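# would you be able to build a 3D model of this:
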Amino acid sequence: MAEKNWEQGFIKPMVGQTARETLKFDTTPESLKKAQDHIDNMTKTEGIMIQPFLKYVESIGEFSAVFFGNKLSHIIQKVP
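Numbering: from 1, shown residues only. The predicted structure is shown next:
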């Protein structure tokens, strides 16, 4: 996070459409410990993504791309 100048991060599964197993975290030691524990548990069974937390997602949402057989099928706007 320091290398990328992120103040907050977000962990989520590589595959998913809901908020299942997501975690927002920051740079405090307690939060980083919680994030590392979450990563350790999740990576036992699935791939994860770690990205910067984007505040605007809480108000305007985000877009998700849906693929079938490595081919883009459609894009969905997820709103809070």
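
# residue 22: neighbouring residues, count only.
14 (other CB atoms under 10 Å). Using the backbone N, CA and C atoms, a C-beta is placed for each residue, glycine as well.

# can you name the residues bridging to the spatially closest residue to it that is not a sequence neighbour?
In space, and not counting its chain neighbours, residue 22 is closest to residue 12: 4.5 Å by CB to CB, 6 or more residues apart in numbering. Taking DSSP bridges as the rule, residue 12 bridges to residue 49.

# tell me if I'm right that residue 12 and residue 53 touch.
No: assessed by CB atoms under 8 Å, residue 12 is found out of contact with residue 53, at 10.7 Å.

# who's more crowded, these two?
residue 12 (18 against 15).

# show residues contacting the helix ranked longest in the chain.
Counting residues, the longest helix found in the chain (DSSP state H) is helix 29-42. For helix 29-42, the surrounding residues in contact (CB atoms under 8 Å, 6 or more residues apart in numbering) are 9, 11, 13, 21, 23, 25-26, 48, 50.
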